[in-house]
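S.K.: A predicted structure for the sequence below; I have some questions about it.
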Amino acid sequence: MSCGRWVKVAKICGYAVGVGNLIMLVIGGPTILTLGLAVVLAPFTLELALKLTAVLACNLVSFALGDCRERAELLVCAVGGLQPPRAGETYREAMLAEVSDAPHHQVRAIRTNLATTAPRTILAAWAQLPRPLWSGPAPR
Amino acid sequence: MRLVLEALLRVWDDDPTVALYGLEITARTGLLPGTTYPILQRLLDHGWLTDEWEDLDPRQAARPRRRYYRLTEDGASQARKALQDVSARSDARRLAWARGLDAVAGHETT
């Protein structure tokens, strides 16, 4: 495994522990362990907390005030925000262009499709597993 | 994957220099952008596609830049081969299915 891949794995583990610790802090209350972990994992927890807050705020505003296209655009921003920085930025810019160019009658379908495919897109962006393009047995 | 590759190959066969952006691909395949994006990303990762961003200032144009995709020469030949394999595989499956049906029908009549 390359050095870059290890760094990514470490970062994902950091995020996972950070989120776990945030939950423990909220549910279990501050203990020496959780507070100590919170200090050590501050960069991860803080960044994640800020991202989550931003995403939640964006979604709330968009669903309250926006029209269908704006909702789709904000969904794109949210999905992009949950991906690693570079992949997220690329996704956001590419998909915003598509949403803004899409005919009005298609926007709702696109939004639903973006929402249903979001978990897979986010996971794929974080994991970056080398999957073969074609699977299954060779033709006999 | 098959629909996307077929659409890109059709364009490549007409003119290898033409690139399509996401919405044009979705219009040709009938798939939606959320579905095609991961497919295009995987094809890019495997080097079957190249991408380029539209040369445009988003502020002046008041719209985001489009991301254009085009098959590479290697990607086009691999895609053609993969589509042939898929087609052969589905033909074989159809044949096996028909043979199975014949065998069942023969067994029932005897």
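M.R.: Yes, it's here.
S.K.: Nearest residue to the most centrally placed residue in chain A in space, please, no chain neighbours.
M.R.: Nearest to the geometric centre of chain A sits A:Leu82, at 1.8 Å (C-alpha atoms, centre = their mean). Closest residue to A:Leu82 apart from its sequence neighbours, by C-beta to C-beta, 6 or more residues apart in numbering or on different chains: A:Ile122 at 5.0 Å. Any C-beta I mention is one placed from the backbone N, CA and C, and that applies to glycine too.
S.K.: Mind listing residues that contact the host helix or strand of the one you found?
M.R.: Element membership of A:Ile122 [criterion: DSSP states H and E] is helix A:104-127. Under the contact criterion C-beta atoms under 8 Å, 6 or more residues apart in numbering or on different chains, helix A:104-127 has outside partners A:8, A:12, A:68-69, A:71-72, A:75-76, A:79, A:82-84, A:87-88, A:91, A:95, A:98-99, A:102, B:32-35, B:37-38, B:41.
S.K.: Could you rerun that using 7 Å?
M.R.: For helix A:104-127, contacts defined as C-beta atoms under 7 Å, 6 or more residues apart in numbering or on different chains pick out A:12, A:68-69, A:71-72, A:75-76, A:79, A:82-84, A:87, A:99, A:102, B:32-35, B:37-38.
S.K.: quick one, what contacts B:Asn66?
M.R.: One thing to correct before we go on: residue B:66 is Arg, not Asn. A:97, B:21, B:54.
S.K.: if we can go back for a sec, can you give me the neighbour number for the residue nearest to A:Leu82?
M.R.: Number of residues near A:Ile122 (other C-beta atoms under 10 Å in any protein chain shown) recorded here: 20.
S.K.: what's the distance between it and chain B?
M.R.: 10 Å (C-beta to the nearest C-beta, to the nearest Å).
S.K.: That residue and A:Gly80: what is the separation?
M.R.: Plainly put, A:Ile122 is 9 Å away from A:Gly80 if you go by C-beta to C-beta, to the nearest Å.
S.K.: Nearest residue to A:Pro84 in space, please, no chain neighbours.
M.R.: In space, A:Pro84 is closest to A:Ala125, 5.9 Å off (C-beta to C-beta, 6+ apart).
S.K.: What of A:Leu96?
M.R.: B:Pro64 (4.3 Å).
S.K.: Tell me if I am right that the one you found is in a strand.
M.R.: No. B:Pro64: not assigned to a strand; according to DSSP: H, G, I helix; E, B strand; the rest coil it is coil.
S.K.: That one - how many residues pack around it?
M.R.: Neighbours around B:Pro64, by other C-beta under 10 Å: 22.
S.K.: Alongside chain A, which residues does chain B contribute?
M.R.: Contacts of chain B with chain A, taken as C-beta under 7 Å from any C-beta of the partner chain, map to B:1, B:22-23, B:32-35, B:37-38, B:42, B:46, B:63-67, B:82, B:85, B:88-89, B:92.
S.K.: Just the buried ones among the residues you listed, please.
M.R.: Buried subset of the residues of chain B next to chain A (neighbour count, 16 or more other C-beta atoms under 10 Å in any protein chain shown): B:1, B:22-23, B:32-35, B:37-38, B:42, B:46, B:64-67, B:82, B:89.
S.K.: Out of those residues, list just those in strands.
M.R.: B:Arg67 (DSSP state E).
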